[in-house]
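K.L.:
prediction below, plus the sequence it came from.
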Amino acid sequence: MPLTPVPDHASILEEIKTVRRGGIVRLRRLEVPSLARIAFALAPADDRRTAVPAQSQSQSVEWLLRLAVSRLGGGTLQEAAEYTLGLTPGTRDWPGADRRRRAAELYGVSIERFRKEQEAVVLDQVAEQVGSLARAALAERRPAAGRDPAAGDAAHDDPSDPVDPADSAVSARTHRILSVRAHGRTVPVTLHVHPVDLLRDVDVVVSPVNTYLALPEAYKSSVAASLRRAGALRGLTGELLGDPIHEELRDWATARATSGRPVLPGTVAATGSGSLAGQGVRRVYHAAVAVPRAGTNDYDVLPADVTRAVARALALLAEEHERFDPPLRSVCFPLLGSGRGGLPYEESVRAVWAAVDAELARGAGWDIHLIARGLVPAGLVVRMLAEYTGEVTEEPAT
């Protein structure tokens, strides 16, 4: 299923409109060949050796759409895309009219106005992200000798969608195992480039939270909201049966008499993972790094608080790991503070790695994972780790 040539924008957009009309639950019956080709090209090499059966193809296309939507940068645009395509939990089987109505409510406009204006923009932006992923995948498939990084790539000639050649190394697959040279030994670091709620088989995920330990509403697009949503217990038709991550975090605060008042920045609260346990995620560590700014909806995040929180999370992992069977060994860090906290990616990477590096210097043997929601921060992670450690190589895909 070759990707060359990359499907044009119009073809991708038309197929996304097909998904909007039919819904995710009908993907196996929808004709979306361009989306299927792109999803196939983004799959690890071993998964491309045989034809993809219809069921797997529908799952791959859904994964592609989720990845594309996650690159919209959050906010109303991303939320509207999630509702429009039925990617929001509990909306898979909603009729198209109901999904459109809910998306229109996000913009505060009538359904008809949303259909004519905002919906066209939302779907066009999703198509742009799918096309960007396709071009990045094609760039990686080409022999290295055939490209001149200094001159760019013909697949990236569209000035409205520039792709840094350094970022293409992390774009075509969502899991990259980096061999990082640190303190006289080589340490594997897994870099994830996908939404946090798609994590699998990582014992602990660290989630940023404000100093009041107040989780955002589950429908929002932040890391904390995504984990809360993914950890929720739902019935067969999507109805909410329980909100265990939120409830356990509230109980943690109550037990320590901090309910309603802020904790110190850098505090880490441990809870279970709710339904994420089915994905192999066993614990969520809530890192209080965002300090609400009085009289506003904004937050302040200091790099020192991020480093302190990461160090505390690693210390908590050491305290807890033997209490579980099998023991906890792996932990995943997002780029803490780089969302609503407004911390530049560079500062977040530097602050997170400072604590991880100190832990590695002690000889710790944890499996370290980092997660970024887009190609730009992911490429930055690779470059900065190379600068800090002097050597970063990638292990061959398996």
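P.N.:
All right, it came through fine.

K.L.:
residue 230: neighbour count?
P.N.:
23 (other C-beta atoms under 10 Å). C-beta coordinates here come from the backbone N, C-alpha and C atoms, glycine included.

K.L.:
so residue 69 sits right up against residue 82, yeah?
P.N.:
Yes - the pair residue 69 and residue 82 qualifies as a contact (C-beta atoms under 8 Å) at a distance of 5.9 Å.

K.L.:
which residues of the stretch 251-398 of the chain score low on pLDDT?
P.N.:
For the stretch 251-398 of the chain, the stretches flagged by pLDDT under 70 are 390-391, 394-398.

K.L.:
got a list of what the most centrally placed residue in the chain touches?
P.N.:
Nearest to the mean C-alpha position of the chain, by C-alpha atoms, centre = their mean, lies residue 195 at 1.9 Å. Contacts for residue 195 were tallied using C-beta atoms under 8 Å, 6 or more residues apart in numbering; they are 66, 67, 70, 226, 373.

K.L.:
element containing residue 41, please.
P.N.:
In this structure, residue 41 sits in helix 33-42 according to DSSP states H and E.

K.L.:
give me the buried positions along that helix.
P.N.:
34, 35, 36, 37, 38, 39, 40, 41, 42 (16 or more other C-beta atoms under 10 Å).

K.L.:
that one - contacts with which helices or strands?
P.N.:
With contacts taken as 3 or more C-beta pairs under 8 Å, 6 or more residues apart in numbering; DSSP states H and E, helix 33-42 sits against helix 9-22, helix 54-70, helix 118-141.

K.L.:
and residue 215, which of those helices is closest to it?
P.N.:
For these, proximity to residue 215 was assessed by C-beta to C-beta; helix 54-70 is nearest, at 19.3 Å.

K.L.:
contacting residues around that closest one?
P.N.:
16, 19, 24, 27-28, 32, 35-36, 38-40, 42-43, 52, 78, 81-82, 85, 87, 126, 129-130, 133, 174, 194-195, 198, 373-374.

K.L.:
state the pLDDT value of the residue nearest to the centre of the chain.
P.N.:
Confidence at residue 195, expressed as pLDDT, is 86.

K.L.:
same thing with residue 57?
P.N.:
Reported pLDDT for residue 57: 74.

K.L.:
equivalent analysis for residue 243, please.
P.N.:
Reading off the model, residue 243 has pLDDT 94.

K.L.:
so what sits opposite residue 284 in the bridge?
P.N.:
residue 205, residue 271 (DSSP bridges).

K.L.:
wasn't residue 328 part of a helix?
P.N.:
No - according to DSSP: H, G, I helix; E, B strand; the rest coil, residue 328 belongs to no helix; its state is coil.

K.L.:
low-confidence stretches in the stretch 101-250 of the chain?
P.N.:
Scanning the stretch 101-250 of the chain for pLDDT under 70 picks out the ranges 139-173.

K.L.:
quick check: end-to-end length of stretch 320-334?
P.N.:
One end of stretch 320-334 to the other measures 20 Å (C-alpha to C-alpha, to the nearest Å).

K.L.:
flag every buried residue along it.
P.N.:
By neighbour count with 16+ other C-beta under 10 Å, stretch 320-334 contains the buried residues 320, 321, 328, 330, 331, 332, 333, 334.

K.L.:
that stretch: how far from the chain's middle?
P.N.:
Taking the mean of its C-alpha atoms, stretch 320-334 sits 21 Å from the chain's own mean (C-alpha atoms, centre = their mean, to the nearest Å).

K.L.:
what's in contact with it?
P.N.:
192, 196, 199, 201-208, 223, 270, 282-283, 285, 310, 313-314, 317, 352, 356, 365-373.

K.L.:
what about residue 196, distance to residue 225?
P.N.:
Distance of residue 196 to residue 225, given as C-beta to C-beta, to the nearest Å: 10 Å.

K.L.:
the two - which one has more neighbours?
P.N.:
Per other C-beta under 10 Å, whichever of residue 196 and residue 225 has more neighbours is residue 196, with 24 against 20.

K.L.:
I'd say that one and residue 224 touch.
P.N.:
No - using C-beta under 8 Å, residue 196 makes no contact with residue 224, being 9.1 Å away.

K.L.:
what sits in contact with each of these two?
P.N.:
Joint contacts of residue 196 and residue 224 (C-beta under 8 Å, 6+ apart) are residue 207.

K.L.:
and the angle for the helix or strand containing residue 76 with helix 54-70?
P.N.:
Using DSSP H and E, residue 76 falls within helix 75-85. Counting by axes from the mean of the first three to the mean of the last three C-alpha atoms, to 10 degrees, helix 75-85 lies at 160 degrees to helix 54-70.

K.L.:
what residues sit buried inside helix 75-85?
P.N.:
Counting neighbours by 16+ other C-beta under 10 Å, helix 75-85 gives 77, 78, 79, 80, 81, 82, 83, 84, 85 as buried.

K.L.:
okay, buried residues for stretch 174-185 please.
P.N.:
Buried residues in stretch 174-185, counting neighbours by 16+ other C-beta under 10 Å, are found at 174, 176, 178, 180, 182.

K.L.:
nope, stretch 330-350 is what I meant
P.N.:
So for stretch 330-350, counting by 16+ other C-beta under 10 Å, buried means 330-341, 343, 345, 347-350.

K.L.:
what about those, which are in strands?
P.N.:
Judged by DSSP state E, strands contain the following of the buried residues of stretch 330-350: 330, 331, 332, 333, 334.

K.L.:
would you check how far apart the last one and residue 74 are?
P.N.:
Put plainly, it is residue 334. 13 Å.

K.L.:
count the neighbours of residue 134 for me.
P.N.:
There are 26 residues near residue 134, going by other C-beta under 10 Å.

K.L.:
wait, it sits on residue 36?
P.N.:
No - counting by C-beta under 8 Å, residue 134 stays clear of residue 36, with 11.7 Å between them.

K.L.:
before we move on, the earlier item: got the phi/psi numbers for the residue nearest to the centre of the chain?
P.N.:
Torsion angles at residue 195 (phi, psi; degrees, to the nearest 10) stand at phi -60, psi 150.

K.L.:
distance check, it against residue 131.
P.N.:
Distance from residue 195 to residue 131, counting by C-beta to C-beta: 19 Å.
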